[in-house]
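Undergrad: this one's structure only:
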Ligand SMILES: NC(=O)c1ccc[n+]([C@@H]2O[C@H](COP(=O)([O-])OP(=O)(O)OC[C@H]3O[C@@H](n4cnc5c(N)ncnc54)[C@H](O)[C@@H]3O)[C@@H](O)[C@H]2O)c1
C-alpha cells in the first residue's frame, strides 16, 4: 500500500507525459506545473504536517500520508475526544491538541490539513495562513460568499501555499478527458449534465442528543450548505474547467422530499446554470434513490465525454450503429415499408452508443457511493503535491481560483433555490480569473 502511494505523484506525472514536456496537458491543467519542480530544500527534509479535524475524511488523509515519503504528521487536533484518540492511535508520535489556535502556535509545523465541517473552513484557513502555515483545506472553500472573498483576498495578499481538495483536478482520466475536449474530439461543447444520486440519509449515530448538530453537521445550515457544497462543488468545477468560463445566470429548486427528520438542508436539488452563450449545466442531486449514480457529462456536437467513467461516445458511432440496424431490419423485413429516417429505427438510448476509453487499461471509477473510500480518484496525488509544495513554498496555479469559482456557484445555487428566483452572477463576487 505505502509503496504504491509513494510512487503516486511520479507515476501520475509520467503517465501524463509531464516528466519530459506535456505542453498540452499543462495547458489543460496549469496547476500541475508546480508538481514538476523539485523542492528547493531537497535531501531528507520532510514536510511537517498537522491535521485539524480527525473525522472520517481526516483519517482517510492520514492513511494516504503514510505512503508519502516527504510527509511527516507531527500534530493532530480535534475537539471531539473519540476522533482525536482514533487519529492518535494511527499516529502515536504526533502531538495532540483540542484547540486549533494552540496548534497554530507550534513553530515545528510547516503545513496544516483542515478536514473539519464546512462552517470552520474559512476561519481556520485564515488563522493558519496568518500564523505562517501552508494550508490544505477540504472543499468547499467556505460557508458564505463573504467568507470566500475574504479567504481569496488573504491568499492573494500573502505568500502561503493554499490547496483545496478538489481531487478531480488531479485525476488522470479527468485531465486527459478535458484535454481531448479542448482538442476538439467531441466538437463544440453544447451543454453539461451532472448528477449525484445516493440512497442514504447522511446521518451518523449520536451518543446523546446535545451532540446532534455537531456530529450531524452536514444537515444544519450553521455548518453546512448541503448537497451543493458537499457534492456539486466537485462537479461544477469540472464544468467550468471544460467550458473555460463561468455561468452568468442561475435558477433552481430545492426541497426536502424524503428525509423529513429535522434537517435544514435540501435532500433534493435541481439547479440550472446558464453561460452567456446559452449553454447550460443541468445539475441534479437526490439522496433517496441511487439508480443513476454519479456522472459528470460534457456534451459536444460530435460526442459526449463521460468524465466520471473515463469514457467518451461519438455521435458518429451511434449513426453507424443505427445504419447497421436499419440494414439488418431490411434484411429481416422488420418493417412493412422502410422508414427513410427517424426514431422508429434509431433507438434514442445511451446503450446504442459505443464507449471508448480515455485512458489505456483499468480505470477506477467511483459510482457515487462514498468519496471517503474512493480509490485512485486524485485525492492521494493532490495531497502529495501539497506536501511537496510545503517544502518548495511554490503555489499551484489556479487551484484556489477554481475552488473559489465552484464554491461561489454552489452558494449562488442555494440562494436561487431559497429565494426562488433567477440569480445573475453578482459583481461583488467576480474575481479577475473569471471569464464569462
Ligand atoms: N474531497 C472529498 O471528496 C471529501 C470527501 C469527504 C469529506 N470531505 C470534506 O471533509 C470535511 C470533513 O468531513 P468528514 O466527513 O470527515 O466530517 P466528520 O464529521 O467525520 O469529521 C469532522 C471532524 O472535525 C472535528 N471538528 C469539528 N469542529 C472542530 C473544531 N472547532 N476544532 C477541531 N476539530 C473540529 C469533528 O470533531 C470531527 O472529528 C468536510 O468539509 C467535507 O466536505 C471531502
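TA: Structure received. This structure is a prediction, so every number in the text was calculated from the model and none was measured. Numbers count the residues shown, from 1 in each chain.

Undergrad: make it CA atoms for all contacts and neighbour counts henceforth
TA: Noted.

Undergrad: just the helices in the stretch 151-300 of the chain please.
TA: Here the stretch 151-300 of the chain has its helices, by DSSP state H, counting those that start in this stretch, at 172-182, 212-215, 227, 233-243.

Undergrad: Repeat that for the stretch 1-150 of the chain.
TA: 2-6, 8-15, 23-28, 33-36, 56-66, 81-90, 100-104, 118-130, 145-157.

Undergrad: can I get the helices of the stretch 151-300 of the chain in TSV with mean neighbour count and distance to residue 139?
TA: Conversion of these to TSV gives the following (neighbours: other Cα atoms under 10 Å; distance: least, Cα to Cα, whole Å):
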stretch	mean neighbour count	distance to residue 139
helix 172-182	23	18
helix 212-215	16	18
helix 227	24	12
helix 233-243	23	8
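
Undergrad: mind checking which of those helices is nearest the ligand?
TA: Closest to the ligand of the helices of the stretch 151-300 of the chain, according to Cα to the nearest ligand atom: helix 212-215, at 5.7 Å.

Undergrad: And the contacts of that closest one?
TA: Contacts with helix 212-215, where a contact means Cα atoms under 8 Å, 6 or more residues apart in numbering, come from 204, 206, 219, 220.

Undergrad: can you pick the most crowded of those?
TA: Neighbours here mean other Cα atoms under 10 Å. Within the contacts of helix 212-215, the largest count is held by residue 219, at 25 neighbours.

Undergrad: if we can go back for a sec, just give me the closest of the contacts of helix 212-215 to the ligand.
TA: Comparing those against the ligand with Cα to the nearest ligand atom places residue 204 closest, at 8.8 Å.

Undergrad: show me the contacts for the closest one.
TA: The contact partners of residue 204, by Cα under 8 Å, 6+ apart, come to 215, 216.

Undergrad: hang on, the earlier thing: nearest to residue 397 among the helices of the stretch 1-150 of the chain would be which one?
TA: Closest to residue 397 of the helices of the stretch 1-150 of the chain, according to Cα to Cα: helix 33-36, at 7.6 Å.

Undergrad: what's the closest one packed up against?
TA: Judged by 3 or more Cα pairs under 8 Å, 6 or more residues apart in numbering; DSSP states H and E, the packing partners of helix 33-36 are helix 379-392.

Undergrad: got the contact list for the next helix or strand after the helix it packs on?
TA: Next helix or strand after helix 379-392 toward the C-terminus (DSSP states H and E): helix 399-419. Helix 399-419 is contacted by residues 31, 139-145, 148, 152, 162-164, 166, 225, 228-229, 232-234, 236-237, 240, 246, 250-254, 271, 422-423, 425, 429, 433-434 when judged by Cα under 8 Å, 6+ apart.

Undergrad: for the ligand, what are the nearby residues on the stretch 151-300 of the chain?
TA: Selection of the stretch 151-300 of the chain residues close to the ligand by Cα under 6 Å from any ligand atom yields 165, 166, 215, 230.

Undergrad: Closest one to residue 85 out of those residues, please.
TA: Distance to residue 85, by Cα to Cα, is smallest for residue 215 among these, at 16.1 Å.

Undergrad: so how far is stretch 424-436 from its chain's centroid?
TA: For stretch 424-436, the separation from the chain centroid amounts to 21 Å (computed by Cα atoms, centre = their mean, to the nearest Å).

Undergrad: quick one: contacts for the residue of the stretch 101-250 of the chain at minimum distance from the ligand?
TA: Among the residues of the stretch 101-250 of the chain, residue 116 lies closest to the ligand, at 3.7 Å counting by Cα to the nearest ligand atom. Residue 116 makes contact with 52, 53, 54, 55, 58, 138, according to Cα under 8 Å, 6+ apart.

Undergrad: how about a cut-off of 6 Å?
TA: residue 53 (Cα atoms under 6 Å, 6 or more residues apart in numbering).

Undergrad: Count the neighbours of residue 151 for me.
TA: Using other Cα under 10 Å, residue 151 is surrounded by 21 other residues.

Undergrad: Could you tell me how many residues sit around the residue nearest to residue 296 when sequence neighbours are not counted?
TA: Counting by Cα to Cα, 6 or more residues apart in numbering, the nearest residue to residue 296 once its immediate chain neighbours are dropped is residue 194, at 4.5 Å. Residues near residue 194, counting by other Cα under 10 Å, number 21.

Undergrad: same question, residue 37
TA: If you count neighbours by other Cα under 10 Å, residue 37 ends up with 13.

Undergrad: measure it to the ligand for me?
TA: Going from residue 37 to the ligand by Cα to the nearest ligand atom, to the nearest Å gives 25 Å.

Undergrad: Could you check how far that residue is from residue 18?
TA: Residue 37 is 11 Å from residue 18, where distance means Cα to Cα, to the nearest Å.

Undergrad: still on that earlier bit, from the residues of the stretch 151-300 of the chain next to the ligand, which would you call buried?
TA: Burial by neighbour count, 16 or more other Cα atoms under 10 Å: within those this picks out 165, 166, 215.

Undergrad: Output those residues as JSON lines; include the columns distance to residue 393 and pLDDT.
TA: Below are these laid out as JSON lines (distance: Cα to Cα, whole Å; pLDDT from 0 to 100):
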{"residue": "165", "distance to residue 393": "18", "pLDDT": "98"}
{"residue": "166", "distance to residue 393": "20", "pLDDT": "97"}
{"residue": "215", "distance to residue 393": "35", "pLDDT": "97"}
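
Undergrad: Which of these sits closest to residue 77?
TA: residue 215 (16.1 Å).

Undergrad: In the protein, where's the longest strand?
TA: The longest strand of the chain (DSSP state E) is strand 189-197.

Undergrad: right, and residue 226 touches residue 265 too?
TA: Yes - at 5.2 Å, residue 226 and residue 265 qualify as touching, with contact defined as Cα atoms under 6 Å.

Undergrad: neighbour count winner among these two?
TA: Counted by other Cα under 10 Å, residue 226 and residue 265 do not tie: residue 226 has more neighbours, with 25 against 21.

Undergrad: need the contact list for that one.
TA: Taking Cα under 6 Å, 6+ apart, we find residue 226 in contact with residue 265.

Undergrad: Number of residues surrounding residue 259?
TA: 17.

Undergrad: now the buried ones among the residues of the stretch 151-300 of the chain next to the ligand as TSV including distance to residue 90?
TA: Formatted as TSV, those follow (distance: Cα to Cα, whole Å):
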residue	distance to residue 90
165	22
166	25
215	21
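
Undergrad: Which residues are in contact with residue 166?
TA: Residue 166 neighbours (Cα under 6 Å, 6+ apart): none.

Undergrad: what does residue 422 give?
TA: Neighbours of residue 422 in contact, by Cα under 6 Å, 6+ apart: 250, 251.
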